[in-house]
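S.K.: Here is my input, please return the structure:
(one chain, ligands or ions: 1)
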Amino acid sequence: MNSLKVLLIIAGAGLASAIAIKPRDEGEGYSDYFRGLNDELKANGPFKPSMLVDLDRLDRNIQALKATLVENYRIVVKSLPSPGLLSYIMEKAGTNRLMVFHQPFVSHMAETFPQSDMLIGKPLPVRSAKIFYERFSGASGFDPSVQLQWLIDTKERLDEYQTLAAKLGTKMRINVEIDVGLHRGGLQNPTDLIPLVDQILADPEHLEFAGLMGYDPHVVKVPRIIKSPQKAYEQSQFLYQGFRDILKDKYPRIDHSTLCLNGAGSPTLNLHKQGTVANDISAGSCLVKPTDFDVPTLEEFMPASFIATPVLKKLDGTNLPSAEALKGIFSLWDPNRQQTYFIYGGKWMANYESPAGLRDNSLYGYSTNQQMVNGSFRTALEVNDHIFLRPHQSEFVFLQLEDLLAIRDGKVVDHWPILKQSA
Ligand SMILES: Cc1ncc(COP(=O)(O)O)c(C=O)c1O
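M.R.: Prediction:
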């Protein structure tokens with residue numbers, strides 16, 4: 001073979017592999033659903049980054065949730081952090097139970113929902129509890145000694161809460177965190193309950209034993225090759241049962257029917273349906289279904305929340321500082337770089353949802369003020385159109401936006417403020 005032939009073969013192979021790895025055009029226009037939302041926002045939107053909650057989809061998710069529930073439902077406030085949204089769900093799901101994780105939200109909920117029954121979802125520093133009582137006016141009618149359960153994980157924390165209750169001259173209801181396999185703290189062994197419950201029962205003026213909390217999301221996260229979710233669920237239930245048994249054996253005189261035995265979380269709702277030791281089931285995220293909750297156990301739930309943000313600028317190609325000569329090359333190689341959009345805000349924990357095929361540009365970098373977004377000609381956005389993103393999680397991403405726009409039948413029907421971290 002002469003050297004020309006060899007060269008031609010090498011060039012041909014190079015070309016073939018370049019064609020094989022050349023990115024294909026993934027751009028598409030809006031789906032009908034998002035085209036409708038874009039039209040609505042262009043007519044009635046606030047033209048700033050907003051969180052949309054589709055009430056029709058939310059209603060379907062509430063129905064799906066109700067279909068899985070065998071026990072009382074408790075709404076996880078951090079995953080749905082807007083009083084308007086919470087009030088909507090409380091009514092539709094028929095519950096006044098809330099799980100709260102942040103001191104300012106505890107204060108806010110006590111004022112906004114005086115009929116609520118609140119369980120704290122993580123053991124808060126005793127100083128947080130102190131701040132709650134200092135700020136609490138009682139004007140709303142909420143009675144913490146009846147309607148609020150503080151979460152305790154150790155003897156030291158129980159001592160601190162007991163001292164605070166004595167100083168304030170009040171009674172605190174105590175729920176005990178147990179470890180049912182997540183290994184994020186809480187009591188490890190059922191016998192660890194005894195000294196805590198003894199201490200609580202010995203001081204009825206300041207303490208009352210309210211129940212147990214055993215959160216179990218690990219059940220669906222254990223790699224299937226190690227353990228099936230069903231097996232992991234059975235093991236976590238077995239652990240929970242051990243704690244419940246010891247309570248029954250050692251404390252026959254307490255009223256077990258009134259104890260709050262909290263469990264679950266969105267990912268395991270469907271598993272609790274088959275029967276559960278818990279009598280109080282908490283979940284939140286499944287109702288708006290961010291991408292982290294795209295798990296097989298939540299297949300019946302639909303994404304119901306999206307970030308919408310306007311396109312501020314539309315530019316041809318991808319023009320990077322000090323690489324102007326390459327402007328045409330980027331889009332020649334990757335059709336998904338044919339168009340540059342700068343959007344209002346950015347860098348959220350979220351995936352581009354519509355139009356399809358949008359992407360960040362890591363060479364240009366990221367901005368929370370004006371994010372560069374690339375897409376092919378087929379994305380066909382114009383200035384003042386909206387880009388839609390699907391959050392990875394609701395609990396933090398919601399808090400980054402000011403307003404929640406409630407959508408019914410494709411139209412904006414309400415504006416609900418989102419809680420502020422310092423609420
Ligand atoms: C104690 C506890 N219970 C329940 C949940 C479930 O919340 P979600 O349904 O939003 O995942 C969480 C979430 O972090 C949690 O920490």
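S.K.: Check what pLDDT the residue in the stretch 1-150 of the chain positioned nearest to the ligand gets.
M.R.: Using C-beta to the nearest ligand atom, residue 79 is the residue of the stretch 1-150 of the chain that sits closest to the ligand, at 3.3 Å. The way it works is simple: take the backbone N, C-alpha and C, and place the C-beta from them, glycine included. Here, the pLDDT recorded for residue 79 equals 98.
S.K.: likewise residue 322?
M.R.: For residue 322, pLDDT reads 81.
S.K.: That one belongs to a strand?
M.R.: No. Under DSSP: H, G, I helix; E, B strand; the rest coil, residue 322 falls outside any strand and is assigned coil.
S.K.: hmm, back to that, not counting its neighbours along the chain, what's nearest the residue of the stretch 1-150 of the chain closest to the ligand?
M.R.: Computed as C-beta to C-beta, 6 or more residues apart in numbering, the closest residue to residue 79 that is not its neighbour in sequence is residue 284, at 3.0 Å.
S.K.: what's the neighbour count on that neighbour?
M.R.: Residue 284 has 23 neighbouring residues, counting by other C-beta atoms under 10 Å.
S.K.: and it, what does it touch?
M.R.: Contacts for residue 284 (C-beta atoms under 8 Å, 6 or more residues apart in numbering) come out as 75, 76, 77, 78, 79, 80, 99, 266, 394, 395.
S.K.: quick one: the residue of the stretch 1-150 of the chain closest to the ligand from residue 191, how far?
M.R.: Per C-beta to C-beta, to the nearest Å, residue 79 is found 33 Å from residue 191.
S.K.: what distance separates the start and the end of stretch 84-103?
M.R.: With C-alpha to C-alpha, to the nearest Å as the measure, stretch 84-103 spans 19 Å from end to end.
S.K.: Of the contacts of residue 284, which is the nearest to residue 90?
M.R.: Using C-beta to C-beta, residue 75 comes nearest to residue 90 of these, at 6.7 Å.
S.K.: so who does the closest one touch?
M.R.: Here residue 75 is in contact with 86, 89, 90, 93, 95, 97, 98, 99, 282, 283, 284 (C-beta under 8 Å, 6+ apart).
S.K.: Among those residues, name the ones in strands.
M.R.: Counting by DSSP state E, the part of the contacts of residue 75 found in strands is 97, 98, 99, 282, 283.
S.K.: Could you identify the most distant pair in these?
M.R.: Greatest spacing in those, by C-beta to C-beta: 98 and 283 (12.0 Å).
S.K.: overlap in contacts of those two?
M.R.: Jointly contacting residue 98 and residue 283 under the rule C-beta under 8 Å, 6+ apart are 74, 75.
S.K.: what about the nearest residue to residue 92 once chain neighbours are set aside, how many residues close to it?
M.R.: Once flanking residues are discounted, residue 92 sits nearest to residue 62: 4.9 Å by C-beta to C-beta, 6+ apart. Other residues near residue 62 number 22, with proximity taken as other C-beta under 10 Å.
S.K.: Which helix or strand contains residue 62?
M.R.: Using DSSP states H and E, the element containing residue 62 is helix 55-68.
S.K.: Can you name every helix or strand that that helix contacts?
M.R.: helix 83-93, helix 269-272, strand 403-408 (3 or more C-beta pairs under 8 Å, 6 or more residues apart in numbering; DSSP states H and E).
S.K.: how about 10 Å then?
M.R.: Under the contact criterion of 3 or more C-beta pairs under 10 Å, 6 or more residues apart in numbering; DSSP states H and E, helix 55-68 touches strand 72-76, helix 83-93, helix 269-272, strand 280-283, strand 403-408.
S.K.: What residues sit buried inside that helix?
M.R.: For helix 55-68, burial by neighbour count (16 or more other C-beta atoms under 10 Å) applies to 55, 57, 58, 60, 61, 62, 64, 65, 68.
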